[in-house]
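Q: sequence and computational prediction follow.
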Amino acid sequence: MALFPKAAVLLLCLCSAIAVRDPYSEFERQHRRKATMKRFASRLVDADAGCPLLPAPVPADQAFLAAIKPAVANLEQTMAEFFKTQKSPGVSLGLIYDQQLLWSGGFGRVNASDESSPSPDGQTLYRIGSISKVFADLLAFQLRDAGKLDLDDPVNKYVPAFNPTNPFPNEQPISFRHLGSHLAGLPRESPCAAVLSQCNLTNDQMFRNIESTVLILPPNLQSVYSNMGFAVLGHALEILMGTPYDELVMTNITQPLGMWNTGFEYNQSVFDRMAWGFDPSYTDLGWEGPAGQMYSSVEDMAKLASFLFTADMRPDWDPPFDAEGSAPLLGQTSLRQMFAPQYVDPDGAFAFGLPWEMYQTPSGWLITKGGEVDQYSTEIGLLPAVKLGVVALCTAPDDVCGPFLSEMFNTFLPPLVNVLRQLTPPPALPAYVSTLVGNYSCPLWPGLANVTIVPAGAGQQLLVQGDHLTATAAQYIAGIDRFVIALPANYTCTWATDGVSGQYIEFTRSPNVTMRVPGLMPPFTWVKI
(Lines give C-alpha, C1' and ligand atoms only; values in the text may rest on other atoms or scores of the structure.)
Protein backbone atom coordinates (compact mmCIF):
# COMPACT_ATOMS: atom_id res chain seq x y z
CA MET A 1 0.00 0.00 0.00
CA ALA A 2 1.39 3.39 -0.98
CA LEU A 3 2.33 5.53 2.00
CA PHE A 4 1.32 8.65 0.11
CA PRO A 5 -1.21 8.45 -2.75
CA LYS A 6 -0.38 10.52 -5.82
CA ALA A 7 -2.72 13.30 -4.69
CA ALA A 8 -0.95 13.40 -1.34
CA VAL A 9 2.41 13.75 -3.08
CA LEU A 10 1.07 16.83 -4.83
CA LEU A 11 -0.17 18.13 -1.46
CA LEU A 12 3.26 17.61 0.08
CA CYS A 13 4.86 19.61 -2.71
CA LEU A 14 2.34 22.41 -2.27
CA CYS A 15 2.85 22.44 1.49
CA SER A 16 6.52 23.23 0.91
CA ALA A 17 5.40 26.71 -0.07
CA ILE A 18 5.05 27.55 3.61
CA ALA A 19 8.23 25.76 4.75
CA VAL A 20 10.29 28.41 6.51
CA ARG A 21 13.71 27.88 8.04
CA ASP A 22 14.38 28.99 11.58
CA PRO A 23 18.05 30.03 11.46
CA TYR A 24 18.38 30.29 15.23
CA SER A 25 17.14 26.75 15.88
CA GLU A 26 19.52 25.44 13.19
CA PHE A 27 22.38 27.33 14.82
CA GLU A 28 21.53 25.89 18.24
CA ARG A 29 21.40 22.34 16.87
CA GLN A 30 24.73 22.66 15.06
CA HIS A 31 26.39 24.23 18.09
CA ARG A 32 25.06 21.46 20.34
CA ARG A 33 26.21 18.76 17.91
CA LYS A 34 29.65 20.30 17.57
CA ALA A 35 30.19 20.54 21.35
CA THR A 36 28.96 16.97 21.90
CA MET A 37 31.10 15.53 19.11
CA LYS A 38 34.21 17.32 20.38
CA ARG A 39 33.81 15.68 23.79
CA PHE A 40 33.08 12.29 22.24
CA ALA A 41 36.07 12.39 19.85
CA SER A 42 38.52 13.47 22.55
CA ARG A 43 37.73 10.28 24.49
CA LEU A 44 37.27 7.87 21.58
CA VAL A 45 40.79 6.42 21.73
CA ASP A 46 42.94 5.72 24.78
CA ALA A 47 45.56 8.45 24.61
CA ASP A 48 47.89 6.49 26.93
CA ALA A 49 48.06 3.39 24.73
CA GLY A 50 51.37 4.43 23.11
CA CYS A 51 51.96 5.48 19.51
CA PRO A 52 50.58 4.40 17.14
CA LEU A 53 47.40 4.34 19.22
CA LEU A 54 45.54 2.21 16.69
CA PRO A 55 46.80 -0.82 14.77
CA ALA A 56 46.78 -0.87 10.99
CA PRO A 57 43.76 -2.40 9.24
CA VAL A 58 43.97 -6.00 8.03
CA PRO A 59 42.07 -7.61 5.10
CA ALA A 60 38.49 -8.60 5.89
CA ASP A 61 39.22 -12.27 5.21
CA GLN A 62 37.69 -15.34 6.86
CA ALA A 63 39.97 -15.10 9.88
CA PHE A 64 38.98 -11.48 10.47
CA LEU A 65 35.26 -12.10 9.99
CA ALA A 66 35.33 -15.05 12.41
CA ALA A 67 37.27 -13.08 15.03
CA ILE A 68 35.03 -10.00 14.81
CA LYS A 69 31.69 -11.88 14.71
CA PRO A 70 31.06 -11.73 18.50
CA ALA A 71 31.66 -7.97 18.52
CA VAL A 72 29.17 -7.49 15.67
CA ALA A 73 26.54 -9.55 17.52
CA ASN A 74 27.14 -7.54 20.68
CA LEU A 75 26.77 -4.28 18.74
CA GLU A 76 23.40 -5.33 17.35
CA GLN A 77 22.13 -6.21 20.82
CA THR A 78 23.53 -3.02 22.32
CA MET A 79 21.91 -0.82 19.68
CA ALA A 80 18.54 -2.56 20.14
CA GLU A 81 18.61 -1.56 23.81
CA PHE A 82 20.02 1.89 23.08
CA PHE A 83 17.20 2.62 20.62
CA LYS A 84 14.67 2.31 23.45
CA THR A 85 16.30 5.29 25.22
CA GLN A 86 16.27 7.59 22.16
CA LYS A 87 13.71 9.89 20.54
CA SER A 88 13.69 8.65 16.95
CA PRO A 89 10.59 6.61 15.95
CA GLY A 90 12.69 4.81 13.36
CA VAL A 91 16.39 4.35 12.60
CA SER A 92 18.52 2.40 10.14
CA LEU A 93 22.13 1.73 11.12
CA GLY A 94 25.17 0.42 9.30
CA LEU A 95 28.67 -0.68 10.34
CA ILE A 96 31.40 -0.65 7.71
CA TYR A 97 34.92 -2.03 7.88
CA ASP A 98 37.01 -1.18 4.82
CA GLN A 99 35.21 -2.82 1.86
CA GLN A 100 32.78 -4.81 4.01
CA LEU A 101 29.34 -3.89 5.36
CA LEU A 102 29.66 -5.88 8.58
CA TRP A 103 26.12 -5.23 9.78
CA SER A 104 23.03 -3.24 8.95
CA GLY A 105 19.69 -3.17 10.67
CA GLY A 106 16.87 -1.01 11.87
CA PHE A 107 14.68 -0.38 14.88
CA GLY A 108 11.27 1.19 15.38
CA ARG A 109 8.83 1.58 12.50
CA VAL A 110 9.14 2.56 8.85
CA ASN A 111 5.97 4.63 9.27
CA ALA A 112 5.94 6.14 12.75
CA SER A 113 2.17 6.71 12.64
CA ASP A 114 1.33 3.09 11.72
CA GLU A 115 1.66 0.63 14.62
CA SER A 116 1.60 -2.30 12.19
CA SER A 117 4.48 -0.88 10.15
CA PRO A 118 7.61 -3.09 9.98
CA SER A 119 11.02 -2.02 11.20
CA PRO A 120 13.28 -0.19 8.74
CA ASP A 121 16.40 -1.91 7.42
CA GLY A 122 19.50 -1.22 5.36
CA GLN A 123 17.47 -0.65 2.18
CA THR A 124 14.93 1.79 3.64
CA LEU A 125 15.22 5.26 2.09
CA TYR A 126 15.77 8.47 4.04
CA ARG A 127 16.47 12.06 3.07
CA ILE A 128 20.14 12.60 3.90
CA GLY A 129 20.14 16.41 4.03
CA SER A 130 23.58 17.97 4.12
CA ILE A 131 25.35 14.66 3.52
CA SER A 132 24.42 15.59 -0.07
CA LYS A 133 27.30 18.08 0.08
CA VAL A 134 29.79 15.20 -0.05
CA PHE A 135 28.73 14.48 -3.63
CA ALA A 136 29.33 18.09 -4.72
CA ASP A 137 32.93 17.90 -3.51
CA LEU A 138 33.40 14.42 -5.00
CA LEU A 139 32.28 15.78 -8.37
CA ALA A 140 34.61 18.79 -8.08
CA PHE A 141 37.57 16.52 -7.32
CA GLN A 142 36.63 14.22 -10.18
CA LEU A 143 36.56 17.12 -12.64
CA ARG A 144 39.90 18.32 -11.24
CA ASP A 145 41.38 14.88 -11.87
CA ALA A 146 40.01 15.00 -15.43
CA GLY A 147 41.71 18.35 -16.05
CA LYS A 148 38.44 20.28 -16.36
CA LEU A 149 39.27 22.70 -13.53
CA ASP A 150 41.66 23.50 -10.72
CA LEU A 151 40.16 23.61 -7.24
CA ASP A 152 41.92 26.93 -6.68
CA ASP A 153 40.57 28.50 -9.87
CA PRO A 154 38.26 31.49 -9.33
CA VAL A 155 34.68 30.33 -9.83
CA ASN A 156 33.83 33.34 -12.01
CA LYS A 157 36.49 32.19 -14.47
CA TYR A 158 33.90 29.62 -15.55
CA VAL A 159 30.73 31.39 -14.32
CA PRO A 160 31.17 35.13 -15.05
CA ALA A 161 27.69 35.80 -13.63
CA PHE A 162 28.85 34.80 -10.14
CA ASN A 163 29.66 38.19 -8.63
CA PRO A 164 28.52 38.63 -5.02
CA THR A 165 29.10 42.04 -3.52
CA ASN A 166 32.60 42.01 -2.05
CA PRO A 167 33.43 44.63 0.59
CA PHE A 168 36.96 43.19 0.73
CA PRO A 169 38.26 44.18 -2.73
CA ASN A 170 41.91 43.33 -2.10
CA GLU A 171 41.21 39.74 -1.06
CA GLN A 172 41.52 36.70 -3.30
CA PRO A 173 38.53 35.68 -5.42
CA ILE A 174 36.25 32.83 -4.37
CA SER A 175 37.54 29.46 -5.61
CA PHE A 176 35.96 26.02 -5.94
CA ARG A 177 37.96 24.95 -2.88
CA HIS A 178 36.50 27.83 -0.87
CA LEU A 179 32.95 26.85 -1.82
CA GLY A 180 33.57 23.20 -0.98
CA SER A 181 34.95 23.90 2.49
CA HIS A 182 32.71 26.76 3.67
CA LEU A 183 35.60 29.22 3.20
CA ALA A 184 33.99 31.47 0.60
CA GLY A 185 32.71 34.06 3.09
CA LEU A 186 29.17 33.65 1.74
CA PRO A 187 26.06 33.88 3.96
CA ARG A 188 24.44 30.68 5.18
CA GLU A 189 21.43 30.68 2.80
CA SER A 190 20.77 31.71 -0.79
CA PRO A 191 18.83 34.95 -1.31
CA CYS A 192 15.62 32.94 -1.84
CA ALA A 193 15.82 30.34 0.91
CA ALA A 194 13.70 31.76 3.75
CA VAL A 195 10.69 30.29 1.93
CA LEU A 196 12.19 27.27 0.27
CA SER A 197 9.71 26.80 -2.57
CA GLN A 198 10.74 30.21 -3.90
CA CYS A 199 14.16 28.73 -4.69
CA ASN A 200 12.78 27.13 -7.85
CA LEU A 201 14.59 29.70 -9.96
CA THR A 202 16.95 29.40 -12.92
CA ASN A 203 20.70 29.88 -12.72
CA ASP A 204 20.38 33.26 -14.45
CA GLN A 205 17.76 34.43 -11.94
CA MET A 206 19.72 33.21 -8.93
CA PHE A 207 23.05 34.66 -9.99
CA ARG A 208 21.33 38.02 -10.53
CA ASN A 209 20.00 37.75 -6.96
CA ILE A 210 23.46 36.84 -5.69
CA GLU A 211 24.93 40.06 -7.11
CA SER A 212 23.38 41.91 -4.17
CA THR A 213 24.54 39.30 -1.62
CA VAL A 214 27.34 40.77 0.51
CA LEU A 215 30.24 38.58 1.66
CA ILE A 216 30.36 38.40 5.45
CA LEU A 217 34.09 37.51 5.56
CA PRO A 218 37.01 37.63 3.14
CA PRO A 219 37.45 34.33 1.28
CA ASN A 220 39.81 31.83 2.94
CA LEU A 221 39.80 33.59 6.31
CA GLN A 222 37.46 31.35 8.32
CA SER A 223 34.95 28.62 7.54
CA VAL A 224 31.35 29.75 7.97
CA TYR A 225 28.71 27.11 7.24
CA SER A 226 26.99 27.99 3.98
CA ASN A 227 24.28 26.08 2.14
CA MET A 228 24.47 28.84 -0.44
CA GLY A 229 28.12 28.03 -1.09
CA PHE A 230 27.34 24.44 -2.00
CA ALA A 231 24.40 25.49 -4.16
CA VAL A 232 26.77 27.77 -6.07
CA LEU A 233 29.35 24.96 -6.29
CA GLY A 234 26.87 22.48 -7.73
CA HIS A 235 25.45 24.90 -10.29
CA ALA A 236 28.91 26.18 -11.26
CA LEU A 237 29.91 22.58 -12.10
CA GLU A 238 26.63 22.23 -13.99
CA ILE A 239 27.41 25.33 -16.07
CA LEU A 240 31.00 24.24 -16.65
CA MET A 241 29.97 20.81 -17.98
CA GLY A 242 26.74 21.86 -19.72
CA THR A 243 24.84 19.06 -17.94
CA PRO A 244 22.32 19.27 -15.07
CA TYR A 245 24.01 18.84 -11.69
CA ASP A 246 21.91 15.89 -10.55
CA GLU A 247 22.65 14.08 -13.81
CA LEU A 248 26.39 14.68 -13.36
CA VAL A 249 26.31 13.19 -9.87
CA MET A 250 24.22 10.18 -10.86
CA THR A 251 26.22 9.39 -14.01
CA ASN A 252 29.69 9.98 -12.61
CA ILE A 253 29.42 9.00 -8.94
CA THR A 254 26.38 7.12 -7.66
CA GLN A 255 25.92 4.77 -10.62
CA PRO A 256 29.61 3.75 -10.92
CA LEU A 257 29.55 3.02 -7.16
CA GLY A 258 26.40 0.92 -7.51
CA MET A 259 24.39 3.32 -5.35
CA TRP A 260 21.10 2.54 -7.10
CA ASN A 261 18.95 3.68 -4.16
CA THR A 262 20.42 7.18 -4.02
CA GLY A 263 19.14 10.17 -5.93
CA PHE A 264 17.53 13.59 -6.15
CA GLU A 265 14.08 13.02 -7.66
CA TYR A 266 11.23 12.10 -5.31
CA ASN A 267 8.51 10.17 -7.13
CA GLN A 268 5.88 7.76 -5.84
CA SER A 269 8.28 4.82 -6.04
CA VAL A 270 10.74 6.64 -3.79
CA PHE A 271 8.04 7.74 -1.33
CA ASP A 272 6.81 4.14 -1.10
CA ARG A 273 10.25 3.00 0.11
CA MET A 274 10.95 5.87 2.50
CA ALA A 275 10.77 5.94 6.27
CA TRP A 276 8.44 8.58 7.72
CA GLY A 277 8.29 10.27 11.11
CA PHE A 278 5.27 11.46 13.04
CA ASP A 279 5.03 14.66 10.98
CA PRO A 280 5.41 13.57 7.32
CA SER A 281 6.53 16.41 5.10
CA TYR A 282 8.53 16.98 1.97
CA THR A 283 10.37 20.17 1.07
CA ASP A 284 11.86 20.54 -2.40
CA LEU A 285 15.04 22.58 -1.94
CA GLY A 286 14.95 23.79 -5.53
CA TRP A 287 18.07 25.72 -6.53
CA GLU A 288 19.71 24.85 -3.19
CA GLY A 289 19.42 21.14 -4.02
CA PRO A 290 23.20 20.48 -4.15
CA ALA A 291 23.33 21.43 -0.46
CA GLY A 292 20.79 18.91 0.80
CA GLN A 293 18.24 17.45 -1.65
CA MET A 294 19.36 13.80 -1.89
CA TYR A 295 17.92 10.58 -0.47
CA SER A 296 19.78 7.32 0.18
CA SER A 297 19.87 4.12 2.24
CA VAL A 298 22.32 2.64 4.73
CA GLU A 299 23.48 0.06 2.19
CA ASP A 300 24.21 2.75 -0.40
CA MET A 301 25.98 4.98 2.14
CA ALA A 302 28.13 1.97 3.05
CA LYS A 303 29.25 1.79 -0.59
CA LEU A 304 30.28 5.44 -0.41
CA ALA A 305 32.21 4.84 2.83
CA SER A 306 34.01 1.82 1.38
CA PHE A 307 35.01 3.84 -1.68
CA LEU A 308 36.41 6.61 0.50
CA PHE A 309 38.43 4.02 2.44
CA THR A 310 40.34 3.17 -0.75
CA ALA A 311 42.55 6.21 -0.10
CA ASP A 312 45.24 3.76 1.06
CA MET A 313 44.15 1.10 -1.37
CA ARG A 314 45.53 -2.40 -1.19
CA PRO A 315 47.30 -3.45 -4.42
CA ASP A 316 44.96 -6.46 -4.81
CA TRP A 317 41.79 -4.34 -4.86
CA ASP A 318 40.37 -2.93 -8.10
CA PRO A 319 39.01 0.62 -7.66
CA PRO A 320 35.67 1.70 -9.15
CA PHE A 321 36.05 3.26 -12.58
CA ASP A 322 34.34 6.32 -13.95
CA ALA A 323 31.22 6.29 -16.12
CA GLU A 324 33.29 5.62 -19.25
CA GLY A 325 35.32 2.88 -17.55
CA SER A 326 38.54 4.65 -18.47
CA ALA A 327 39.99 5.77 -15.14
CA PRO A 328 39.45 5.31 -11.39
CA LEU A 329 36.47 7.27 -10.11
CA LEU A 330 38.82 9.43 -8.04
CA GLY A 331 42.61 9.53 -7.87
CA GLN A 332 44.48 8.53 -4.73
CA THR A 333 45.71 12.09 -4.19
CA SER A 334 42.17 13.43 -4.36
CA LEU A 335 40.86 10.80 -1.94
CA ARG A 336 43.54 11.71 0.59
CA GLN A 337 42.95 15.44 0.08
CA MET A 338 39.24 15.02 0.81
CA PHE A 339 40.22 13.97 4.35
CA ALA A 340 42.63 16.89 4.84
CA PRO A 341 41.40 19.76 7.05
CA GLN A 342 40.93 23.08 5.24
CA TYR A 343 40.21 25.23 8.29
CA VAL A 344 40.98 24.29 11.90
CA ASP A 345 39.22 25.92 14.85
CA PRO A 346 41.51 27.82 17.25
CA ASP A 347 41.16 25.05 19.86
CA GLY A 348 42.43 22.45 17.36
CA ALA A 349 39.56 20.12 18.21
CA PHE A 350 37.42 20.76 15.12
CA ALA A 351 38.06 21.36 11.44
CA PHE A 352 36.15 21.77 8.20
CA GLY A 353 37.30 19.58 5.35
CA LEU A 354 35.88 19.11 1.88
CA PRO A 355 33.07 19.11 3.06
CA TRP A 356 33.62 17.08 6.22
CA GLU A 357 33.11 18.15 9.81
CA MET A 358 36.23 16.73 11.46
CA TYR A 359 36.88 16.11 15.15
CA GLN A 360 40.31 15.52 16.65
CA THR A 361 40.84 12.22 18.44
CA PRO A 362 44.11 11.21 20.13
CA SER A 363 44.90 9.15 17.00
CA GLY A 364 43.87 11.59 14.26
CA TRP A 365 40.72 12.99 12.72
CA LEU A 366 37.26 11.48 13.04
CA ILE A 367 35.59 12.37 9.74
CA THR A 368 31.85 13.09 9.96
CA LYS A 369 28.99 14.68 8.05
CA GLY A 370 25.57 15.29 9.50
CA GLY A 371 22.36 16.18 7.74
CA GLU A 372 18.93 17.42 8.69
CA VAL A 373 15.93 18.23 6.52
CA ASP A 374 12.19 17.95 7.16
CA GLN A 375 11.80 15.23 9.83
CA TYR A 376 15.08 13.48 9.02
CA SER A 377 18.40 13.51 10.90
CA THR A 378 21.36 11.64 9.42
CA GLU A 379 25.01 10.94 10.23
CA ILE A 380 28.00 9.31 8.60
CA GLY A 381 31.25 8.89 10.56
CA LEU A 382 34.59 7.56 9.32
CA LEU A 383 37.74 6.68 11.27
CA PRO A 384 40.25 6.25 8.42
CA ALA A 385 43.04 5.03 10.73
CA VAL A 386 41.25 1.68 11.09
CA LYS A 387 38.86 2.04 8.11
CA LEU A 388 35.83 1.92 10.38
CA GLY A 389 32.62 3.61 9.29
CA VAL A 390 29.20 4.16 10.85
CA VAL A 391 25.97 5.30 9.19
CA ALA A 392 22.84 6.34 11.12
CA LEU A 393 19.64 7.49 9.38
CA CYS A 394 16.74 8.64 11.58
CA THR A 395 13.14 9.82 11.21
CA ALA A 396 13.25 12.72 13.65
CA PRO A 397 14.92 16.15 13.46
CA ASP A 398 17.10 17.95 16.01
CA ASP A 399 20.25 15.80 15.67
CA VAL A 400 18.68 12.65 17.11
CA CYS A 401 21.10 10.52 15.05
CA GLY A 402 24.29 11.85 16.66
CA PRO A 403 23.97 9.65 19.78
CA PHE A 404 23.59 6.52 17.61
CA LEU A 405 26.87 7.31 15.85
CA SER A 406 28.69 7.86 19.15
CA GLU A 407 27.27 4.69 20.73
CA MET A 408 28.25 2.54 17.77
CA PHE A 409 31.83 3.80 17.75
CA ASN A 410 32.16 3.45 21.53
CA THR A 411 30.77 -0.09 21.44
CA PHE A 412 32.62 -1.48 18.45
CA LEU A 413 36.01 0.27 18.29
CA PRO A 414 37.63 -1.41 21.37
CA PRO A 415 36.94 -5.01 20.22
CA LEU A 416 37.95 -4.08 16.66
CA VAL A 417 41.30 -2.78 17.92
CA ASN A 418 41.85 -6.00 19.89
CA VAL A 419 41.10 -8.15 16.83
CA LEU A 420 43.39 -6.10 14.59
CA ARG A 421 46.24 -6.44 17.09
CA GLN A 422 45.69 -10.19 17.35
CA LEU A 423 45.71 -10.63 13.57
CA THR A 424 48.63 -8.32 12.79
CA PRO A 425 51.85 -10.35 12.65
CA PRO A 426 54.91 -8.63 14.12
CA PRO A 427 57.19 -7.33 11.38
CA ALA A 428 60.27 -9.49 11.05
CA LEU A 429 63.75 -8.05 10.72
CA PRO A 430 65.54 -8.78 7.43
CA ALA A 431 67.92 -11.73 7.18
CA TYR A 432 70.94 -9.45 6.89
CA VAL A 433 70.31 -7.85 10.28
CA SER A 434 73.07 -9.89 11.93
CA THR A 435 75.64 -7.97 9.88
CA LEU A 436 74.38 -4.68 11.35
CA VAL A 437 74.63 -5.70 15.01
CA GLY A 438 77.84 -4.61 16.75
CA ASN A 439 79.97 -1.62 17.75
CA TYR A 440 80.42 1.52 15.64
CA SER A 441 82.69 4.57 15.79
CA CYS A 442 82.36 8.00 14.19
CA PRO A 443 85.57 9.37 12.53
CA LEU A 444 84.36 12.97 12.97
CA TRP A 445 83.75 12.33 16.67
CA PRO A 446 86.42 9.84 17.67
CA GLY A 447 85.91 8.26 21.06
CA LEU A 448 82.89 10.41 21.90
CA ALA A 449 80.19 9.03 19.62
CA ASN A 450 80.78 5.30 19.76
CA VAL A 451 77.50 3.40 19.55
CA THR A 452 76.34 -0.17 19.88
CA ILE A 453 73.49 -1.69 17.88
CA VAL A 454 71.58 -4.60 19.37
CA PRO A 455 68.25 -6.33 18.55
CA ALA A 456 65.29 -5.00 20.54
CA GLY A 457 61.52 -4.92 20.66
CA ALA A 458 60.90 -8.67 20.37
CA GLY A 459 62.78 -8.81 17.09
CA GLN A 460 60.97 -5.87 15.45
CA GLN A 461 63.57 -3.19 16.05
CA LEU A 462 67.22 -2.45 16.51
CA LEU A 463 68.38 -0.32 19.42
CA VAL A 464 71.10 2.25 18.78
CA GLN A 465 72.75 3.24 22.07
CA GLY A 466 75.90 5.03 23.18
CA ASP A 467 77.50 6.84 26.12
CA HIS A 468 76.81 10.32 24.72
CA LEU A 469 73.69 9.66 22.64
CA THR A 470 70.08 9.07 23.62
CA ALA A 471 69.13 5.44 23.01
CA THR A 472 67.15 5.33 19.78
CA ALA A 473 64.97 2.55 18.36
CA ALA A 474 65.36 1.81 14.66
CA GLN A 475 62.09 0.43 13.28
CA TYR A 476 62.27 -1.74 10.16
CA ILE A 477 59.81 -0.89 7.37
CA ALA A 478 59.57 -4.00 5.22
CA GLY A 479 57.78 -2.37 2.28
CA ILE A 480 60.73 -0.09 1.52
CA ASP A 481 63.50 -2.18 3.13
CA ARG A 482 64.60 0.69 5.35
CA PHE A 483 64.99 1.51 9.02
CA VAL A 484 63.50 4.67 10.51
CA ILE A 485 63.80 6.35 13.89
CA ALA A 486 60.89 5.08 15.99
CA LEU A 487 58.95 7.24 18.40
CA PRO A 488 59.85 6.24 21.99
CA ALA A 489 57.17 4.10 23.64
CA ASN A 490 56.46 6.69 26.36
CA TYR A 491 55.84 9.53 23.87
CA THR A 492 52.39 10.53 22.63
CA CYS A 493 51.52 10.70 18.95
CA THR A 494 51.74 14.49 19.04
CA TRP A 495 55.52 14.01 18.91
CA ALA A 496 55.26 12.29 15.52
CA THR A 497 55.66 15.68 13.78
CA ASP A 498 58.84 16.62 15.63
CA GLY A 499 61.11 16.06 12.61
CA VAL A 500 63.05 13.32 14.42
CA SER A 501 60.82 10.26 14.39
CA GLY A 502 60.46 8.79 10.92
CA GLN A 503 63.89 9.92 9.74
CA TYR A 504 65.74 7.26 7.75
CA ILE A 505 68.63 5.37 9.33
CA GLU A 506 70.69 4.27 6.34
CA PHE A 507 73.01 1.27 6.43
CA THR A 508 75.54 0.15 3.86
CA ARG A 509 76.91 -3.38 3.99
CA SER A 510 79.71 -3.28 1.40
CA PRO A 511 82.64 -2.85 1.41
CA ASN A 512 82.23 -1.72 5.03
CA VAL A 513 79.20 -1.70 7.29
CA THR A 514 78.26 1.93 7.95
CA MET A 515 75.34 3.87 9.40
CA ARG A 516 74.06 7.39 8.60
CA VAL A 517 71.05 9.52 9.57
CA PRO A 518 71.10 11.95 6.61
CA GLY A 519 67.92 13.82 7.48
CA LEU A 520 69.04 14.55 11.04
CA MET A 521 72.84 14.45 11.23
CA PRO A 522 74.03 14.82 7.60
CA PRO A 523 77.83 15.12 8.16
CA PHE A 524 78.20 12.06 10.39
CA THR A 525 78.89 8.48 9.35
CA TRP A 526 79.41 5.62 11.80
CA VAL A 527 81.64 2.72 10.76
CA LYS A 528 81.36 -0.74 12.25
CA ILE A 529 84.51 -1.77 14.12
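A: Happy to help now that I have it.

Q: specify the beta-bridge partners of S441.
A: In this entry, S441 is beta-bridged to V527, by DSSP bridges.

Q: which residues touch it?
A: 447, 449-450, 526-527, 529 (C-beta atoms under 8 Å, 6 or more residues apart in numbering). (Glycine included, C-beta is placed from N, CA and C.)

Q: now with 7 Å, please.
A: 450, 526-527, 529 (C-beta atoms under 7 Å, 6 or more residues apart in numbering).

Q: then R177?
A: R177 touches 151-152, counting by C-beta under 7 Å, 6+ apart.

Q: which helix or strand contains it?
A: R177 is part of helix 176-180, with elements assigned from DSSP states H and E.

Q: may I see the buried residues of that helix?
A: 176-180 (16 or more other C-beta atoms under 10 Å).

Q: low-confidence ranges in the stretch 301-450 of the chain?
A: Across the stretch 301-450 of the chain, the ranges flagged by pLDDT under 70 are 312-327, 427, 447-448.

Q: just the buried ones from the contacts of S441?
A: The neighbour count (16+ other C-beta under 10 Å) marks 450, 526 as buried among these.

Q: sort the contacts of S441 by pLDDT and name the bottom one.
A: Minimum pLDDT across those is recorded for N450, with 83.

Q: so what's it up against?
A: Neighbours of N450 in contact, by C-beta under 7 Å, 6+ apart: 439-441, 466-467.

Q: now P120
A: 90-92, 106, 108, 110, 275.

Q: ok, 8 Å please
A: Contacts for P120 (C-beta under 8 Å, 6+ apart) come out as 90-92, 106-110, 275.

Q: same question for W445.
A: F524.

Q: what's the farthest-apart pair in the contacts of S441?
A: The two members of those with the most space between them (C-beta to C-beta) are N450 and V527, at 10.6 Å.

Q: mutual contacts of the two, please.
A: 440-442.

Q: now the residues you listed as a markdown table including distance to P218?
A: A markdown table is the format used below for the shared contacts of N450 and V527 (distance: C-beta to C-beta, whole Å):
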| residue | distance to P218 |
| --- | --- |
| Y440 | 56 |
| S441 | 58 |
| C442 | 53 |
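
Q: go through the contacts of S441 and say which is closest to Q222.
A: Using C-beta to C-beta, W526 comes nearest to Q222 of those, at 49.4 Å.

Q: the most centrally placed residue in the chain in helix, strand or coil?
A: The centroid of the chain falls nearest to I367 when counting by C-alpha atoms, centre = their mean (3.9 Å). What DSSP: H, G, I helix; E, B strand; the rest coil gives for I367 is strand.

Q: just list whatever residues bridge to it.
A: Counting by DSSP bridges, I367 forms beta bridges with M358, L382.

Q: OK, contacts around it?
A: 339, 353, 356, 358, 381-384.

Q: and it, how far from S269?
A: Plainly put, I367 is 32 Å away from S269 if you go by C-beta to C-beta, to the nearest Å.

Q: what of P256?
A: P256 is 22 Å from S269, by C-beta to C-beta.

Q: comparing those two, which residue is more hemmed in?
A: When P256 and S269 are compared for neighbours, P256 comes out ahead with 19 against 11, by other C-beta atoms under 10 Å.

Q: the more buried one - that's part of a strand, no?
A: No - assessed with three-state DSSP, P256 is coil; it does not lie in a strand.

Q: ok, it touching L330?
A: No - using C-beta atoms under 8 Å, P256 is not in contact with L330, being 10.1 Å away.

Q: S296 contacts M259, doesn't it?
A: Yes - using C-beta under 8 Å, S296 makes contact with M259 at a distance of 7.0 Å.

Q: which one's more surrounded, the two?
A: Neighbour count, other C-beta under 10 Å: between S296 and M259, S296 has more, with 26 against 22.

Q: find the nearest non-adjacent residue to the more buried one, please.
A: Spatial nearest neighbour of S296, excluding adjacent residues (C-beta to C-beta, 6 or more residues apart in numbering): T262 at 4.1 Å.

Q: how many residues are close by the one you found?
A: T262: 25 neighbours (other C-beta under 10 Å).

Q: again with A231
A: A231: 31 neighbours (other C-beta under 10 Å).

Q: buried residues of the host helix or strand of Q422, list them for me.
A: Secondary structure assignment for Q422, by DSSP H and E: helix 402-423. Judged by neighbour count using 16+ other C-beta under 10 Å, the buried positions of helix 402-423 are 402-409, 411-413, 415-417, 419-420, 423.

Q: off-centre distance for that helix?
A: 17 Å (C-alpha atoms, centre = their mean, to the nearest Å).

Q: that helix packs against which elements?
A: When contacts are defined as 3 or more C-beta pairs under 8 Å, 6 or more residues apart in numbering; DSSP states H and E, helix 402-423 sits against helix 23-42, helix 62-83, strand 90-97, strand 364-373, strand 376-383, strand 388-394.

Q: quick one: residues contacting S42.
A: 349, 359-362.

Q: closest one of those residues to E372?
A: Nearest member of these to E372, counting by C-beta to C-beta, is Y359, at 17.9 Å.

Q: neighbours of the closest one, how many?
A: 22.

Q: spatially, which residue comes closest to it, not counting chain neighbours?
A: Distances taken as C-beta to C-beta, 6+ apart place A41 nearest to Y359, at 3.6 Å, with adjacent residues excluded.
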